[in-house]
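K.L.:
fold the following and give me the result.
(chains A and B)
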Number of protein chains: 2
Amino acid sequence: MKDQSRAVVLLSGGLDSATTLAVARQQGFCCHTLSFDYGQRHYHELAASERISRILGAKEHHVVRLDMRDIGGSALTSDLAVPPGNSDGQAGTDIPVTYVPARNTIFLSVALAWAEARRAADIFIGVNAVDYSGYPDCRPEYLAAFEAMANLATKMSLQENIVVRINAPLLYLKKSEIIQKGMALGVDYSLTHSCYDPTPGGLACGRCDSCLLRQKGFADAGVPDPTLYAPDPE
Amino acid sequence: MKDQSRAVVLLSGGLDSATTLAVARQQGFCCHTLSFDYGQRHYHELAASERISRILGAKEHHVVRLDMRDIGGSALTSDLAVPPGNSDGQAGTDIPVTYVPARNTIFLSVALAWAEARRAADIFIGVNAVDYSGYPDCRPEYLAAFEAMANLATKMSLQENIVVRINAPLLYLKKSEIIQKGMALGVDYSLTHSCYDPTPGGLACGRCDSCLLRQKGFADAGVPDPTLYAPDPE
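P.N.:
Next up is the predicted model:
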């Protein structure tokens, strides 16, 4: 029997996915969170995911190991250097080197398997088409196509008429609006980790694209930034 | 620049995927084969995949580790018993317990990532809608939906107009026709592994759905079955 209230929530440990989990919880879902250890260069994200899951009341948190290091083609999974961001904190129009081939497709596919095993019709993902407009797999047309495919892919859809929904509640929000929404839902952003290039101890670099977007988001939202940044090397 | 001739071929080590690789090779593709270690109960499939890749002239063979054991819901990844097949070697109409949630979706998603990193437009998968009609993710409408999604998912499609094709050359063939095609292409089926429940040494059980389908296929094709079966316990 379908349990209407279950959801699988993809959790990176960052600001967006933490807010997404808070939204799913507010909508009344019993949340199963899923994080990926895909050979990323820092494990602070995974530690952050676990803390966020517990504090926001997820039912279970699971880390899926999937080694993507051998695949190449991305600064996040290989030895390519993470570039400093634009000083204005704007996302670029080109696809950045931090793009990981088919990443959201893989994450959503595993979430779909997880959802089916738990009879969850809803999958939540914190993608955003405003700040990450350069990523093909953060666009609404991509998410719609994934949802259409998902509804042909599983036993629960075929035999039990369970309609899979890909929920992306942050899709059209600016970073500042995401922060305002999360603050209203009681998200403690000091627990979240956004930096692409943290110190070994987990302090944010303050210079990568992700840090710059985050700083600008807090400034625009008029909210103090709780992030711990590494001291400036100069 | 696009290299027209590259393909990523999903390889399970079984009869169907070996034939699929032979078809892709015959069509002139430089093949990158991909197998999954997803916590399945036997590793004979992976050993078979490696042998088949080498003998059929794949450029590289890669095993992707993705632990699916914790997910539950399938006899192939958990402690559920593999049931004996129907004695007539026909696939059932219900979805069998050997169904793994969203398996082909996950496999194709990782293949898509692999394809993008290698600028390969073609992905080959040995799914079959005749013998595995009970599996939702072996249907042509599912494959078409995946292909549509894939063409919205990647940088190579968005920026380089590379059209991803999901090739399923065995989709409408009976098992005997698959075997005849493979024999014509020189596939040595003694290298392939189909059994869901082999002995520790890798001998096929001769009783599971997969063994029965395979036996019937060789009989219908009029080809001697080269499979090594475990002695009958009775």
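
K.L.:
could you look up the SS state of the spatially closest residue to A:G14 that is not a sequence neighbour?
P.N.:
Spatially, and ignoring its direct neighbours in sequence, A:G14 is nearest to A:S194 (4.7 Å; CB to CB, 6 or more residues apart in numbering or on different chains). No exception for glycine: its C-beta is placed from N, CA and C like everyone else's. Classification of A:S194 using DSSP: H, G, I helix; E, B strand; the rest coil returns coil.

K.L.:
ok, A:S194 - contacts?
P.N.:
Each residue near A:S194 by CB atoms under 8 Å, 6 or more residues apart in numbering or on different chains is listed here: A:G14, A:L15, A:A204, A:S210, A:C211, A:L213, A:R214, A:T227.

K.L.:
quick one: the strands in chain A?
P.N.:
With strands called from DSSP state E, chain A shows them at A:6-10, A:30-37, A:60-65, A:122-124, A:165-167.

K.L.:
do you know which of those strands lies nearest chain B?
P.N.:
Closest approach to chain B among the strands of chain A is made by strand A:60-65 (5.5 Å; CB to the nearest CB).

K.L.:
can you name every helix or strand that the closest one contacts?
P.N.:
When contacts are defined as 3 or more CB pairs under 8 Å, 6 or more residues apart in numbering or on different chains; DSSP states H and E, strand A:60-65 packs onto strand A:30-37, helix A:44-55.

K.L.:
and the longest one, how far from the chain's centre?
P.N.:
Distance, stretch centre to chain centre, for helix A:44-55: 12 Å (CA atoms, centre = their mean, to the nearest Å).

K.L.:
that one vs strand A:6-10, what angle?
P.N.:
In terms of direction (axes from the mean of the first three to the mean of the last three CA atoms, to 10 degrees), helix A:44-55 departs from strand A:6-10 by 150 degrees.

K.L.:
quickly check: helix A:44-55 near chain B or not.
P.N.:
No: with CB under 8 Å from any CB of the partner chain as the measure, helix A:44-55 is seen stopping short of chain B, the closest distance being 14.7 Å.

K.L.:
re the thing from before, looking at the strands of chain A, which has the lowest confidence?
P.N.:
Note on these: strand A:60-65 shows the lowest mean pLDDT, a mean of 90.

K.L.:
how far off centre is that one?
P.N.:
Using CA atoms, centre = their mean, the offset of strand A:60-65 from its chain centre is 14 Å.

K.L.:
same question, stretch A:164-173
P.N.:
Relative to the mean C-alpha coordinate of its chain, stretch A:164-173 is positioned 11 Å out (CA atoms, centre = their mean).

K.L.:
redo the helices and strands packed on strand A:60-65 as JSON lines? Include mean neighbour count.
P.N.:
Shown next, in JSON lines, are those (neighbours: other CB atoms under 10 Å in any protein chain shown):
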{"stretch": "strand A:30-37", "mean neighbour count": "23"}
{"stretch": "helix A:44-55", "mean neighbour count": "20"}
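
K.L.:
contacting residues for the residue nearest to A:S5 when sequence neighbours are not counted?
P.N.:
Nearest non-adjacent residue to A:S5, counting by CB to CB, 6+ apart: A:C30, 5.2 Å away. Counting by CB under 8 Å, 6+ apart, A:C30 touches A:D3, A:S5, A:R6, A:A7, A:K59.

K.L.:
in CSV, list the C-alpha atoms belonging to the helix or strand of chain A with the lowest mean pLDDT.
P.N.:
Least confident helix or strand, chain A: helix A:155-160 with a mean of 87, by mean pLDDT, DSSP states H and E. C-alpha atoms of helix A:155-160 as CSV (Å, rounded to 0.1, in the frame of the first residue of the first chain):
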residue,chain,number,x,y,z
LYS,A,155,7.3,-1.6,-10.8
MET,A,156,5.5,0.7,-8.5
SER,A,157,4.4,3.0,-11.4
LEU,A,158,3.6,0.1,-13.7
GLN,A,159,1.7,-2.2,-11.3
GLU,A,160,0.5,0.1,-8.5
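
K.L.:
packing partners for it?
P.N.:
Secondary elements touching helix A:155-160 (3+ CB pairs under 8 Å, 6+ apart): helix A:140-153.

K.L.:
can you mark which positions in the helix it packs on are buried?
P.N.:
With burial defined by 16 or more other CB atoms under 10 Å in any protein chain shown, the residues of helix A:140-153 counted as buried are A:Y142, A:L143, A:A145, A:F146, A:E147, A:A148, A:M149, A:A150, A:N151, A:L152, A:A153.

K.L.:
now for that helix, which elements pack on it?
P.N.:
helix A:103-117, helix A:155-160, strand A:165-167, helix B:103-117, helix B:140-153.

K.L.:
mind putting those in JSON lines, distance to A:I123 included?
P.N.:
As requested, the helices and strands packed on helix A:140-153 are exported to JSON lines (distance: least, CB to CB, whole Å):
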{"stretch": "helix A:103-117", "distance to A:I123": "5"}
{"stretch": "helix A:155-160", "distance to A:I123": "12"}
{"stretch": "strand A:165-167", "distance to A:I123": "5"}
{"stretch": "helix B:103-117", "distance to A:I123": "12"}
{"stretch": "helix B:140-153", "distance to A:I123": "14"}
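
K.L.:
out of these, which gets the lowest mean score?
P.N.:
Between the helices and strands packed on helix A:140-153, the one with the least mean pLDDT is helix A:155-160; it has a mean of 87.

K.L.:
in that one, which residues are buried?
P.N.:
Neighbour-count burial for helix A:155-160, counted by 16+ other CB under 10 Å, picks out A:K155, A:M156, A:S157, A:L158.

K.L.:
one more: stretch A:197-211?
P.N.:
Within stretch A:197-211, the residues that qualify as buried are A:D197, A:P198, A:G202, A:A204, A:C205, A:G206, A:R207, A:C208, A:D209, A:S210, A:C211, counting by 16+ other CB under 10 Å.

K.L.:
quick one: contacts for A:C211?
P.N.:
Here A:C211 is in contact with A:G85, A:S194, A:C195, A:Y196, A:A204, A:C205, A:T227, A:Y229 (CB under 8 Å, 6+ apart).

K.L.:
hmm, try it at 6 Å
P.N.:
A:C195, A:A204, A:C205 (CB atoms under 6 Å, 6 or more residues apart in numbering or on different chains).

K.L.:
which of those residues scores worst on pLDDT?
P.N.:
Ranked by pLDDT, these bottom out at A:C195, which has 88.

K.L.:
mind saving the C-alpha coords of stretch A:30-44 as PDB?
P.N.:
Extracted in PDB, the C-alpha atoms of stretch A:30-44 (Å, rounded to 0.1, in the frame of the first residue of the first chain):
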ATOM      1  CA  CYS A  30       8.500  11.500   6.400                       C
ATOM      2  CA  CYS A  31      12.000  12.000   4.800                       C
ATOM      3  CA  HIS A  32      14.600   9.500   3.900                       C
ATOM      4  CA  THR A  33      17.700  11.400   3.000                       C
ATOM      5  CA  LEU A  34      20.300  10.200   0.600                       C
ATOM      6  CA  SER A  35      23.900  11.600   0.200                       C
ATOM      7  CA  PHE A  36      26.600  10.400  -2.200                       C
ATOM      8  CA  ASP A  37      30.200   9.700  -1.600                       C
ATOM      9  CA  TYR A  38      31.300   9.900  -5.200                       C
ATOM     10  CA  GLY A  39      35.000  10.500  -4.600                       C
ATOM     11  CA  GLN A  40      34.500  14.300  -4.100                       C
ATOM     12  CA  ARG A  41      37.600  16.000  -2.700                       C
ATOM     13  CA  HIS A  42      36.200  16.800   0.700                       C
ATOM     14  CA  TYR A  43      34.100  14.800   3.100                       C
ATOM     15  CA  HIS A  44      32.800  17.800   5.000                       C
END
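
K.L.:
no further questions, thank you.
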